[in-house]
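Peer 1: When you get a sec, could you give me coordinates for this:
(2 chains)
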There are 2 protein chains.
Amino acid sequence: MSTPRGKMVNAFDPASLSGLSAETAEAIRRRQRLLGPAYRLFYKDPVQVSRGQGTKLYDRAGHEYLDAYNNVVPLGHCHPRVVEAVTRQMQTLCTHTRYIQDGILYYAESLLPGFGGQIGASGHMMFTCTGSEANDLAMRIARHVTGRRGIICTAEAYHGNSDLTASFSPSLGDQSPLGAWVRRVPAPDSYRGDPATLGQRMAEAVAEHAWELKRHGDGLAAFIADSLFSSDGIFGTPEVLGPVAEAVRAAGGLFVADEVQSGFARTGARFWGFQRHGVDPDIVSMGKPMGNGYPVAGIAIRPEVIAEFGRDTRYFNTFGGNGVAMAAAQATLDTIRDEGLQENVVRIGALMTEGLRALAARFPAIGDVRGAGLYLGVEMILPDGSPDAAAAARIVNDLRARRVLISATGPAANVLKIRPPLVFSAADTDRLLTETEAVLAAIYR
Amino acid sequence: MSTPRGKMVNAFDPASLSGLSAETAEAIRRRQRLLGPAYRLFYKDPVQVSRGQGTKLYDRAGHEYLDAYNNVVPLGHCHPRVVEAVTRQMQTLCTHTRYIQDGILYYAESLLPGFGGQIGASGHMMFTCTGSEANDLAMRIARHVTGRRGIICTAEAYHGNSDLTASFSPSLGDQSPLGAWVRRVPAPDSYRGDPATLGQRMAEAVAEHAWELKRHGDGLAAFIADSLFSSDGIFGTPEVLGPVAEAVRAAGGLFVADEVQSGFARTGARFWGFQRHGVDPDIVSMGKPMGNGYPVAGIAIRPEVIAEFGRDTRYFNTFGGNGVAMAAAQATLDTIRDEGLQENVVRIGALMTEGLRALAARFPAIGDVRGAGLYLGVEMILPDGSPDAAAAARIVNDLRARRVLISATGPAANVLKIRPPLVFSAADTDRLLTETEAVLAAIYR
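Peer 2: Residues are numbered from 1 along each chain as shown, chains lettered A, B, ... in the order given. Predicted coordinates:
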């Protein structure tokens, strides 16, 4: 059950500088000297990027890469509306939440109703800079209101890089310690498990661990999940989390929906990932895509959950909710709506899924194609059905050599991870599928 | 020893809407509804800001406020060089550290040598979005390398809003729990203590608590301090932390210099606050002023301290060290140097200190004027020498009524906190002193 120290899926191995261009090798040496050993690069041959536009990245020599990976820019790289909104606001004012400002209130008003349920009716927004900060704050609040410390997450979850969020981010690897009050349940694996009973089995596991946490003298503060289970291997089956939310509440815990990956129309079907599961969360956390690259993140929360915390202490984040962050977030939200990107996700997501399934029919090494909207996983297997990490790594690196950027994920590192900007077009999809087909044909001829 | 729940120095009391303009009262009600109870506003009559330029803020009616408080914009509000650098980079590329990019390496090269000591010679930079994230990461690393959990901070320290950093931020108030492995030492109070023995006494307290932490079965991972002791009441005596660093190392702990407040030329005398104390830190954390308002922060670290962490796990922060963050940080650093702002701090800081001392000579209610560079504290006292929080609150609010923005700090909330942008001019200083004199004359006539 042990993984090599510091292992990361699709990471460059710094011991393998040979075979790289002199320029790349030199840049990597400079990085090691200046940034140290905790940083990781993608790919066997790391990409040097110098420019981006829409769904394309460009290296210094001007080579174009198709970006089928970066969800931080849902509107595509360098979207002019966000650049303009940020520039205008930076020229006007950039300060914090201890003065009254309009932008933050307008943005909260724009976003809150869309959550539906209790948060949509009377919820509050709080702003941070990163998804890690959002999940960290969510758990601080959950522990304060419940008076308990227990947290349940999925087996290979990732929820952040702070001390607390890393303690319930098992995907950081065996050498990154989990918290004493953290328990893990298996993700709802629709490929290797029975899709019909995923929710029920997950709910039973949650109930069992909640009891166990109580037995250890504390109890369950919160359950947290990314509803696409990205680092668990990407599982998009809807309506799984309903029974889980019931089990969490029966144990007196809060249900935290981590929407850093699945939020802001990523799944196409609904604007928020949790809505595909019909649950009504106590706290929703959000991050990455929120400002199309500008550091902005936050939580939405039921008033009852924050009342005690707000009375007993306070929350201040110097940059969180500053005027420029709000301008970036507003422009991003407005553009997702004005450009009909949620509809684009439905259309292009279906096209991409169909194309990948056609490849799966030809190449038996593809065991499964799954996910939702523009967040797809392609599970690579050996003839006996077991995970094939080597194939996934080779496909990712061969695609990179053909200047198409994707990555891999999952506990066995065998699931291709395709997660392009939401503006991905039919032509982009055709290019992705054509290049993937060529790579598969070369490997499995 | 208990403070009211959720108390904050210079916070608006939401129960006191009467007396405010209809517009302000309505904006506050909207804030409460949309942002909830954990947010705080400054002043009895909160300021609605809509525009900023240099050392001035403007409300919607166009009234000008002199900003003698906001250190997040060392170059002044909306400095064109940072706006231009951010705009240009946003139009070009904004992506993360898992691709090779030049800007982050160039910035690390610009910043590292200036730390001097071991970090200056061979240190690494790691980037986060906020000072909280920087301190959180510093402690994760310190605990990983030492294998211990104990943290020593000062009695009223503030180091961040994450779960871990809040656990060693006693200034968040009695209802925000300190960590089980957190111990506090008194700040070096040069007003109420003997200035000659400040360092020695602090070192003794550190040694005692380190022994106590060991006695509880763990030990000292790190000592952390802001060398201006901002939330402890602002103490600027230099050369205090040398004996402390020795005591920390004797106990096997790391010395973490929190430069979020004192870094980037704020103290005038030196570029970094710890350099006024002649110490060579293991980790330096930085934040607020680094990008003149853009969310960027980070740590600088000795290679030996990060080696194991880098081998065993990894650090990735989606927005941390992105191209735009680096462009903002580079423009800010270059401007501090090109505009000679460190020299301006020396000159204007001396002028301001002299002016405040002249007021202290006329008004016995000013017990002490202290600090360093453009970070000054003015301690308000009653005739018997005890702290006068009411006077500090009245002065802060009376100055706000005259459109001069400062705040207050310290465990007894009786220390005026003056911390303007580094571009503060002689004319700005004259206006600050003239208005302060008028306020004092009205109170103490």
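Peer 1: Domains in chain A, by residue range?
Peer 2: Annotated domains of chain A cover A:47-75+A:341-443, A:80-338 [automatic domain parsing].
Peer 1: Turn the ones you listed into CSV, including mean pLDDT, distance to B:Asn10 and mean neighbour count.
Peer 2: From N, CA and C alone the C-beta is placed, and that goes for glycine too. Shown next, in CSV, are the domains of chain A (pLDDT from 0 to 100; distance: least, Cβ to Cβ, whole Å; neighbours: other Cβ atoms under 10 Å in any protein chain shown):
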stretch, mean pLDDT, distance to B:Asn10, mean neighbour count
domain A:47-75+A:341-443, 98, 37, 20
domain A:80-338, 97, 9, 23
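Peer 1: tell me the phi and psi of A:Arg346?
Peer 2: Careful, residue A:346 is Val and not Arg. Phi and psi for A:Val346, reported as degrees, to the nearest 10, are phi -60, psi -50.
Peer 1: which residue packs closest to it, ignoring adjacent ones?
Peer 2: Closest residue in space to A:Val346, ignoring its immediate chain neighbours: A:Gly268 at 4.1 Å, by Cβ to Cβ, 6 or more residues apart in numbering or on different chains.
Peer 1: Work out for me the element the one you found sits within.
Peer 2: Assigned by DSSP states H and E, A:Gly268 falls within no helix or strand.
Peer 1: and it, what does it touch?
Peer 2: By Cβ atoms under 8 Å, 6 or more residues apart in numbering or on different chains, A:Gly268 lies in contact with A:342, A:345-346, A:349, A:372-374.
Peer 1: what secondary structure does the closest residue to A:Pro238 other than its chain neighbours sit in?
Peer 2: For A:Pro238, ignoring the flanking residues on the chain, the nearest one in space by Cβ to Cβ, 6+ apart is A:Arg276 at 4.3 Å. Put simply, A:Arg276 is helix when judged by DSSP: H, G, I helix; E, B strand; the rest coil.
Peer 1: Hmm, A:Arg276 is touching A:Glu239, no?
Peer 2: Yes. If you go by Cβ atoms under 8 Å, A:Arg276 and A:Glu239 touch, sitting 7.4 Å apart.
Peer 1: Now do the SS call for A:Gly320.
Peer 2: Under the three-state scheme (three-state DSSP), A:Gly320 adopts coil.
Peer 1: in chain A, which residue is closest to the centre?
Peer 2: Centroid-nearest residue in chain A, with Cα atoms, centre = their mean: A:Gln261, separated by 2.7 Å.
Peer 1: Just to be sure, that one is in a helix?
Peer 2: No. According to three-state DSSP, A:Gln261 belongs to no helix; its state is coil.
Peer 1: right, and it touches A:Gly273 too?
Peer 2: Yes. A:Gln261 is in contact with A:Gly273 according to Cβ under 8 Å; the separation is 7.4 Å.
Peer 1: Could you tell me which residues touch both of the two?
Peer 2: In contact with both A:Gln261 and A:Gly273: A:226, A:228, using Cβ under 8 Å, 6+ apart.
Peer 1: Would you mind measuring from the residue nearest to A:Pro238 to A:Gly236?
Peer 2: 8 Å (Cβ to Cβ, to the nearest Å).
Peer 1: Identify the residues contacting the helix or strand that A:Thr353 is a member of?
Peer 2: For A:Thr353, the host element (DSSP H and E) is helix A:341-362. Outside of helix A:341-362, the residues within contact range by Cβ under 8 Å, 6+ apart are A:74-75, A:265-269, A:271, A:335-336, A:366-369, A:371-374, A:376, A:378, A:418, A:422-426, A:428-430, A:432-433, A:436-437, A:440.
Peer 1: on that earlier part again, what is in contact with A:Arg276 and A:Gly236 at once?
Peer 2: With Cβ under 8 Å, 6+ apart, A:Arg276 and A:Gly236 have common neighbours A:267, A:372.
Peer 1: returning to what we had before: gap between the residue nearest to A:Val346 and chain B?
Peer 2: Using Cβ to the nearest Cβ, to the nearest Å, we find A:Gly268 at a distance of 22 Å from chain B.
Peer 1: and that residue, backbone torsions?
Peer 2: Here A:Gly268 shows phi and psi, under degrees, to the nearest 10, equal to phi 80, psi -60.
Peer 1: That one and A:Asp226, how far apart?
Peer 2: In terms of Cβ to Cβ, A:Gly268 sits 16 Å off from A:Asp226.
Peer 1: How about A:Leu105?
Peer 2: Note on A:Leu105: its distance to A:Asp226, by Cβ to Cβ, is 29 Å.
Peer 1: what do you get for A:Ser171?
Peer 2: From A:Ser171 to A:Asp226 the distance is 11 Å (Cβ to Cβ).
Peer 1: what touches both of these two?
Peer 2: Taking Cβ under 8 Å, 6+ apart as the criterion, A:Ser171 and A:Asp226 both touch A:157-158.
Peer 1: List the contacts of the residue lying closest to A:Thr97 once chain neighbours are set aside.
Peer 2: Sequence neighbours aside, A:Gly321 is the residue nearest to A:Thr97 in space, at 4.9 Å (criterion: Cβ to Cβ, 6+ apart). For A:Gly321, the contact set (Cβ under 8 Å, 6+ apart) comprises A:96-97, A:104, A:126-127, A:298.
Peer 1: Tell me the one among these nearest to B:Ala207.
Peer 2: Nearest to B:Ala207, judged by Cβ to Cβ, of these is A:His96 at 38.3 Å.
Peer 1: isn't there a helix covering that closest one?
Peer 2: No. A:His96 sits outside any helix when classified using three-state DSSP, being coil.
Peer 1: do you know how far A:Arg419 is from A:Asn292?
Peer 2: 15 Å.
Peer 1: right, I mislabeled it, should have said A:Gly131
Peer 2: Separation of A:Gly131 from A:Asn292 (Cβ to Cβ) stands at 15 Å.
Peer 1: residues touching the residue nearest to the centre of chain A, list them.
Peer 2: A:71, A:226, A:228, A:230, A:273, A:288, A:375.
Peer 1: Let's have those in a markdown table, adding secondary structure and distance to chain B.
Peer 2: Output for those, formatted as a markdown table (DSSP: H, G, I helix; E, B strand; the rest coil; distance: Cβ to the nearest Cβ, whole Å):
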| residue | secondary structure | distance to chain B |
| --- | --- | --- |
| A:Asn71 | coil | 10 |
| A:Asp226 | coil | 14 |
| A:Leu228 | coil | 16 |
| A:Ser230 | helix | 13 |
| A:Gly273 | helix | 18 |
| A:Lys288 | helix | 6 |
| A:Tyr375 | strand | 16 |
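Peer 1: nearest residue to the closest residue to chain B within the stretch 1-150 of chain A other than its sequence neighbours?
Peer 2: Closest to chain B within the stretch 1-150 of chain A is A:Pro37: 2.7 Å, counting by Cβ to the nearest Cβ. If the residues on either side of it in the chain are set aside, A:Pro37 comes closest to B:Gly310, at 2.7 Å by Cβ to Cβ, 6+ apart.
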